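Chemist: Pasted the sequence and its predicted model underneath.
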Amino acid sequence: MHGDFSRVTFDPARRFSAVLSQQGRVQLDAEINEQTAILLHYVRTLAADLMGPAAYPPSDDGLGGFGVDDYDGDTFTVAPGRMYVNGVLCECDGTDYWDQPDGWLDPGRESDRLPSEPFLVYLRVWERLVTAWEAPWIREVALGADGPDTTARSRVVWQVCVLPLGTGSPVPDMRSASRYLR
């Protein structure tokens, strides 16, 4: 992530479990950010250890979060719900393949159309930095309209992708969640 951080100090190999503030000492962004990273590492590792590399809570319709349904050759729906990919929580309000929130697809572009042969549907997941430049509502209004920004946010981004299952197809990174669709 790119941002104005004094330094990034988290290293899981150091096995730190907490950052402890001392009385009368200067507080730096690096310590607060490391504590956040320690907690996220712990929670995501725990989730992946307990549920596996990809998991979703069951639902009454049997699809669960990010379940694929209503395939008509041109599109399919993605069911609302939650899914964990390597311990990272992904949430979907329900969408069409073409209208996913962080999608990049154009139904008019030949290379974006769904394949006619069987294909694998998988979920790409990552985090990205969001600053006050693109999300002005995170800026502290008490510092004035043109005041400095104070913090940034990290946002989980997901994209539903497809991969044809023809001969010689490359296999996606299996750390992604995947389901088959015919």
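Modeler: On my side now, so go ahead.

Chemist: Name the residue most distant from the centre of the protein?
Modeler: Distance from the C-alpha centroid of the chain peaks at residue 24, with 37.8 Å (Cα atoms, centre = their mean).

Chemist: What separation is there between that one and residue 16?
Modeler: Using Cβ to Cβ, to the nearest Å, residue 24 is found at 22 Å from residue 16. C-beta coordinates here come from the backbone N, C-alpha and C atoms, glycine included.

Chemist: before we move on, what about residue 84?
Modeler: Residue 84 is 24 Å from residue 16, where distance means Cβ to Cβ.

Chemist: Name the residues that touch stretch 40-50?
Modeler: Stretch 40-50 has contacts (Cβ atoms under 8 Å, 6 or more residues apart in numbering) with 10, 12, 17, 84, 86-89.

Chemist: Please apply the same query to stretch 73-80.
Modeler: For stretch 73-80, contacts defined as Cβ under 8 Å, 6+ apart pick out 59, 61, 63-70, 92-98, 100, 107, 113-114, 116, 121, 160, 181.

Chemist: That one spans what distance, first to last residue?
Modeler: With Cα to Cα, to the nearest Å as the measure, stretch 73-80 spans 21 Å from end to end.

Chemist: what mean pLDDT would you report for that stretch?
Modeler: Across stretch 73-80, the average pLDDT comes to 92.

Chemist: Show me what counts as buried in it.
Modeler: For stretch 73-80, burial by neighbour count (16 or more other Cβ atoms under 10 Å) applies to 76-80.
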